[in-house]
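Novice: What follows is a protein structure lacking sequence information:
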Ligand SMILES: Cc1ncc(COP(=O)(O)O)c(C=O)c1O
């Protein structure tokens with residue numbers, strides 16, 4: 001006997017009330033699998049509702065897996081698997097994810113977990129009194145949100161059906177054309193067909209690793225270098241050969257000696273405001289580096305992640321601008337001058353190289369978001385990008401001057417050295433006599449209300465324990481001054497004993 005009660009006043013449709021009540025009875029075990037439900041006509045008569053209401057309820061119960069029903073026969077309650085209760089904590093999967101994971105992914109997971117624990121511990125320790133000189137992310141207060149919103153609205157209202165489609169796999173053509181023209185301002189001559197839009201330059205690096213390396217390959221990197229390339233090298237089981245970074249860029253004599261005896265899949269370099277050292281190489285260094293790569297037929301990956309952030313002195317042109325032998329693969333991004341969240345970067349290289357990278361990208365993510373690319377194009381096309389870059393230069397040249405002045409004012413004499421960058425956000429600081437490994441330095445600095453980015457994370461092999469990186473990218477003038485003052489106090493304290 002099925003006892004159901006319909007409420008005529010609560011606004012819930014009758015068929016849903018029938019569904020819910022039958023589900024509850026089954027879940028509570030009050031009606032068992034195999035129980036025969038009344039015919040739609042009988043139940044409708046009993047409840048005083050239309051037969052189609054009961055029919056709709058039975059259909060819904062069938063879709064949810066609560067009943068078996070065959071045309072012309074009674075519906076039977078079926079044994080249904082219980083719904084997984086996502087709120088039940090502590091239940092572990094029957095699958096051992098560790099056992100199923102590949103060796104490469106295990107290595108990368110270990111690094112990721114350690115970093116996540118570090119970040120969690122750090123953010124627990126962070127209070128508003130602690131000034132964070134560590135992250136190389138953008139100052140959200142500088143985001144031109146309203147202008148971008150207008151551009152997004154415009155592309156959706158005028159071209160919504162086109163930009164909400166997959167779009168061209170290589171990237172939104174008007175944006176590629178814009179980037180090609182913009183690169184011309186930096187004397188780089190590439191056509192829109194020689195540009196591949198990526199989800200940030202991080203994806204560009206990943207695609208390059210996938211194109212050129214297999215386990216055991218050698219890749220030449222600067223040491224120290226961008227920390228997030230290092231786990232990728234581990235994942236792809238690539239051997240990195242580190243070329244030391246000197247005051248004027250990577251050590252060319254060391255590189256030549258290496259290339260005389262060894263082969264490598266490519267060389268990765270960051271010639272402007274190198275991450276982490278902040279070093280910008282000279283025109284002659286760039287020429288010599290390119291010459292070496294051409295001589296040894298070595299693809300040169302130039303990461304121009306902050307190309308637009310040259311605000312002191314005269315600009316040095318990208319290596320790609322001299323690339324008549326087409327050996328350079330250039331990486332660009334909007335992340336470090338506009339918004340990192342749009343995830344738009346690009347690779348500029350010879351057409352065949354782009355096509356090979358595109359093939360890898362296409363089978364990995366089909367394409368990058370067309371609507372976002374279209375909004376970014378609109379933003380650039382309206383002239384907002386130029387205005388925004390000018391604003392960034394005004395602000396950050398001021399902020400960097402304040403940072404350098406504060407370092408002079410607050411650092412104890414003879415204990416630390418640092419470079420003076422020509423742009424960007426980074427300053428690389430060396431403790432002349434290492435008193436404390438930089439891995440431990442934040443525990444000490446935290447007590448003085450400041451944290452930094454320890455040097456170790458930027459080295460693949462030859463860890464240096466007496467360097468750390470500071471970034472002014474998220475801080476305003478007062479915050480920079482206070483952060484560096486705290487840093488100075490901490491270092492004075494460190495060298496007191
Ligand atoms: C040197 C360098 N290259 C590439 C990236 C990746 O940037 P995105 O993927 O956001 O374009 C970063 C990010 O910090 C970086 O520092």
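Specialist: Yep, that arrived. These numbers come from a predicted model, not from an experiment. Residues are numbered from 1 along each chain as shown.
Novice: For the rest of this, base every contact and every neighbour count on C-alpha atoms.
Specialist: Will do.
Novice: what does the chain have sitting close to the ligand?
Specialist: 200, 201, 202, 226, 275, 305, 333, 335, 340, 345 (CA under 6 Å from any ligand atom).
Novice: next one: phi and psi at the residue nearest to the fifth one when sequence neighbours are not counted?
Specialist: Going back to what we said before, that points to residue 275. Nearest non-adjacent residue to residue 275, counting by CA to CA, 6 or more residues apart in numbering: residue 226, 5.3 Å away. The phi/psi pair for residue 226 (degrees, to the nearest 10) reads phi -50, psi 120.
Novice: okay, now residue 226: neighbour count?
Specialist: For residue 226, the neighbour count with other CA atoms under 10 Å is 20.
Novice: how far does the strand ranked longest in the chain sit from the chain's center?
Specialist: Looking across the chain with DSSP state E, the single longest strand is strand 239-246. Chain-centre distance of strand 239-246: 24 Å, with CA atoms, centre = their mean, to the nearest Å.
Novice: Which elements pack onto the next helix or strand after it?
Specialist: Of the helices and strands lying after strand 239-246 in sequence (DSSP states H and E), the nearest is strand 249-250. Taking 3 or more CA pairs under 8 Å, 6 or more residues apart in numbering; DSSP states H and E as contact, there are no helices or strands that strand 249-250 lies on.
Novice: Report the mean per-residue pLDDT for strand 249-250.
Specialist: Strand 249-250 comes out with an average pLDDT of 96.
Novice: What of stretch 375-382?
Specialist: The average of the pLDDT scores along stretch 375-382 is 98.
Novice: contacts for that stretch?
Specialist: 147, 148, 151, 152, 154, 155, 174, 175, 178, 385, 386 (CA atoms under 8 Å, 6 or more residues apart in numbering).
Novice: ok, now with 10 Å
Specialist: Counting by CA atoms under 10 Å, 6 or more residues apart in numbering, stretch 375-382 makes contact with 144, 147-156, 163, 172-179, 182, 334, 338-339, 342, 344, 370-374, 383-388, all of which sit outside it.
Novice: Determine how far it lies from the middle of the whole chain.
Specialist: Its chain's C-alpha centre and that of stretch 375-382 lie 22 Å apart, by CA atoms, centre = their mean.
Novice: For it, which residues meet the burial criterion?
Specialist: Neighbour counts over stretch 375-382 (16 or more other CA atoms under 10 Å) mark 375, 376, 377, 378, 379, 380 as buried.
Novice: In helices, which of the residues you listed fall?
Specialist: 375, 376, 377, 378, 379, 380 (DSSP state H).
Novice: and the gap between the last one and residue 392?
Specialist: Separation of residue 380 from residue 392 (CA to CA, to the nearest Å): 15 Å.
Novice: residue ranges with poor pLDDT in the stretch 51-200 of the chain?
Specialist: Scanning the stretch 51-200 of the chain for pLDDT under 70 picks out 86, 88-89.
Novice: The longest strand of the chain pairs with which strands, parallel or anti?
Specialist: Strand 239-246 has its sheet partners listed here by DSSP bridges as strand 218-223 (parallel), strand 249-250 (antiparallel).
Novice: Show me the contact partners of the last one.
Specialist: Taking CA under 10 Å, 6+ apart as the criterion, the residues outside strand 249-250 that touch it are 221-224, 242-244, 269-274, 277-282, 285-286, 289.
Novice: now it, how far from the centre of its chain.
Specialist: Strand 249-250 sits 26 Å away from the centroid of its parent chain (CA atoms, centre = their mean).
Novice: what angle separates the next helix or strand after it from strand 218-223?
Specialist: With elements assigned by DSSP H and E, the helix or strand that comes after strand 249-250 is helix 252-261. Counting by axes from the mean of the first three to the mean of the last three CA atoms, to 10 degrees, helix 252-261 lies at 170 degrees to strand 218-223.
Novice: how about stretch 216-230: buried residues?
Specialist: Neighbour counts using 16+ other CA under 10 Å place 217-227, 229-230 of stretch 216-230 among the buried residues.
Novice: my bad, stretch 302-319
Specialist: Residues of stretch 302-319 classed as buried by neighbour count (16+ other CA under 10 Å): 302-311, 315-319.
Novice: Between the two ends of it, what distance do you get?
Specialist: One end of stretch 302-319 to the other measures 7 Å (CA to CA).
Novice: quick one: residue 136 is in a strand?
Specialist: No - using DSSP: H, G, I helix; E, B strand; the rest coil, the secondary structure at residue 136 is coil, not a strand.
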